[in-house]
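> Give me a model of this one.
(one chain, ligands or ions: 1)
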Amino acid sequence: MTGTFWIVQFVSRIVMKKWTWTKTSFTGLTRVALAMLLSAVVALPANAGPREQAKRIHDRLAGVPPSEAVLNQMVNAINGSEPSCASYGTTGAACAAYIAMDNQSFYNVTLKNFAAPWTNRDQSVFVPFNDYIATVVGMVRDDVPFNTLLSADLTYVGRPGVVGAAPAANNNTHYEQLEANNVNLRDDLVSSTQSSVMGIPANATAGVMTSRAASEAFFVAGTNRAMFRFTLLNHMCNDLEQMKDTTLAPDRIRQDVSRSPGGDSRLFLNNCIGCHTGMDPLAGAFAYYNYNEDTGALEYTPGTVQSKYFNNDLNFPQGFRTTDDNWENYWRRGQNSYLGFDPGLPGQGNGAKSMGQELGNSVAFAACQVKKTFRAVCMRDPESAADHSAVTTITTTFRSSGYRMKQVFADTAVHCMGQ
Ligand code: HEC
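The predicted model follows:
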């Protein structure tokens, strides 16, 4: 039974991963097939005891079965008699989860796979290790307040000397070596300032948005709207399609967006406006950034708007012409205000850092981190009323106690450990 359990867990993980990373949610068919597979072979007994619960928590968080010693510690934690719980500042099943997160695989496998899809346009998990993934892994490990993910002057690198290539602004070799050498990310990642590695001013850093990997994926060519779109998708759990609001002022829609596409102004008014009224004023924050394909580095030009902001400016010359890196959040008004932006912030500013704070401090950002964690740990989307209520409670705790992602992983694993 135990052998079969692990095989099915393994297969279901692979199936889930594939679907998780290629679709934003599982299709009904996959879900049904998977549910049948799981319930046929691995359904927990109706009353899973602490041992089964501990095993499941460990498998979900670390992706590997626990050693006998760790399993015993976790069972003791669930039973309220594990002395080491004091060092985690928590008790019960949550403490068991913290014990499981001490496993190296939580960092080298679970968290790496958690973040990898955010770093490329295909949302693929099969990408080389990079500075964006490392920063997420390090922030989770060190309980760095995760609402600074899109604004901090922070990056994580291998401990000096652990690999040959130093972290560099213009190549990914350092991270590829960390991966090739299977460096232990729990023990051998150290924090550094992104500004020093990337060679940009501290006030030009905006967390993972200005990481080298994100720059290469989303600041390359185009109009820099891609950086905004993918940040929204990955960290607010919404694509622009869901944000369409045709009632907002179109005054900051750029010149490249035709006001009568195909000679039909109704198309602009009913469709194009929906996304561009909100997106264009926010993406103004990136006016000084470009990924330079020749140098392989992020380029930051304070005071000089990148030429990509003037692509096709004759499509509608009366449209908004970008003059600096000012941004404004029109979504604080209207239907998208449900995203819950922080009333204590001004809702406008200059540059990517303050725009990253605007997004990072919204309720939607926090809820999105919890939903993604739910999918990674419970291996399904929240479905029942109990699931949705758990997501809400975990999000509230996350926001009110220092935005610690490990707590989100622990609380979610406990929710899905079986009754
Ligand atoms: C669902 C949201 C949405 C709608 C609706 C929409 N756009 Fe866009 N538009 C985007 C996004 C996102 C980008 C950035 C794409 C990228 O670079 O990856 C973009 C980019 C553009 C660009 C720049 C293209 C380039 O070369 O990078 C133009 C021009 C544009 N849109 C015009 C229009 C017009 C005209 C319409 C209406 C017919 C329209 N858009 C409707 C979301 C939308």
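> rest of the way, CA atoms for contacts and neighbours
Will do.
> Just give the nearest non-adjacent residue to the residue in the stretch 151-300 of the chain positioned nearest to the ligand, would you?
Residue nearest to the ligand within the stretch 151-300 of the chain: Cys272 (3.4 Å; C-alpha to the nearest ligand atom). Distances taken as C-alpha to C-alpha, 6 or more residues apart in numbering put Val257 closest to Cys272, at 7.9 Å, once the chain neighbours are dropped.
> Check Met198 too.
Among residues not flanking Met198 along the chain, Ala169 sits closest, at 4.5 Å (C-alpha to C-alpha, 6+ apart).
> could you check the distance from the one you found over to Ala69?
Taking C-alpha to C-alpha, to the nearest Å as the measure, Ala169 falls 43 Å from Ala69.
> Show me which of these two is the more surrounded one.
Ala169 (20 against 9; other C-alpha atoms under 10 Å).
> pLDDT wise, what is that one at?
On pLDDT, Ala169 comes in at 98.
> which ones are touching it?
Val197, Met198, Gly199, Arg212, Gly296, Ala297, Leu298 (C-alpha atoms under 8 Å, 6 or more residues apart in numbering).
> What count of nearby residues applies to the fourth one?
When you say that, I think you mean Arg212. 27.
> before we move on, what about the first one?
When neighbours are defined as other C-alpha under 10 Å, Val197 has 19 of them.
> start the count at 30, not 1, going forward
Got it, the first residue is 30 from now on, which makes the last one we talked about Val226.
> how much space between it and Ser383?
21 Å.
> Tell me where the model's unsure across this structure.
30-76 (pLDDT under 70).
> Walk me through the domains of it.
The chain breaks down into these domains under automatic domain parsing: 30-72, 78-130+391-448, 138-233, 252-387.
> related to what we said a few turns ago, dump the contacts of Ala198 to CSV, plus distance to Val249 and secondary structure.
Below are the contacts of Ala198 laid out as CSV (distance: C-alpha to C-alpha, whole Å; DSSP: H, G, I helix; E, B strand; the rest coil):
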residue, distance to Val249, secondary structure
Val226, 19, helix
Met227, 16, helix
Gly228, 18, coil
Arg241, 11, helix
Gly325, 10, coil
Ala326, 10, strand
Leu327, 9, strand
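> Now for those residues, which sits with the most neighbours around it?
Highest neighbour count within the contacts of Ala198: Arg241, with 27 neighbours (other C-alpha under 10 Å).
> which ones are touching that one?
Residues near Arg241 by C-alpha under 8 Å, 6+ apart: Asp160, Tyr161, Ala198, Asn199, Met227, Ala326, Leu327.
> and the third one, that's in a helix?
It stands for Ala198. No: per DSSP: H, G, I helix; E, B strand; the rest coil, Ala198 lies outside any helix segment and is coil.
> how far away is it from Leu179?
Distance from Ala198 to Leu179, by C-alpha to C-alpha: 18 Å.
> right, and Val286 touches Asn344 too?
Yes: contact criterion C-alpha atoms under 8 Å: Val286 and Asn344 qualify, at 6.6 Å.
> who's more crowded, these two?
The neighbour count for Val286 versus Asn344, taken as other C-alpha under 10 Å, is higher for Val286 (21 against 16).
> How is the more buried one assigned, secondary-structure-wise?
At Val286 the chain is in coil, as set by three-state DSSP.
> From Asp268, how far off is it?
19 Å.
> what's the answer for Ile302, then?
To Asp268, Ile302 is 15 Å away according to C-alpha to C-alpha.
> go on, Phe247?
15 Å.
> Which one of those two is surrounded by more residues?
Higher neighbour count among Phe247 and Asp268: Phe247, with 26 against 16, using other C-alpha under 10 Å.
> so the more buried one makes contact with Ser240?
No: contact criterion C-alpha under 8 Å: Phe247 and Ser240 do not qualify, at 10.4 Å.
> right, and Gly236 touches Phe175 too?
No: using C-alpha under 8 Å, Gly236 makes no contact with Phe175, being 10.2 Å away.
> Quick check: neighbours shared by those two?
Contact with both Gly236 and Phe175 is made by no residue, according to C-alpha under 8 Å, 6+ apart.
> Roughly how far does the residue nearest to Cys301 sit from Phe339?
Val286 is 11 Å from Phe339, by C-alpha to C-alpha.
> all strands in the protein, in order from the N-terminus.
All strands of the chain, identified by DSSP state E, fall at 184-187, 218-221, 318-321, 326-329, 355-357, 377-379.
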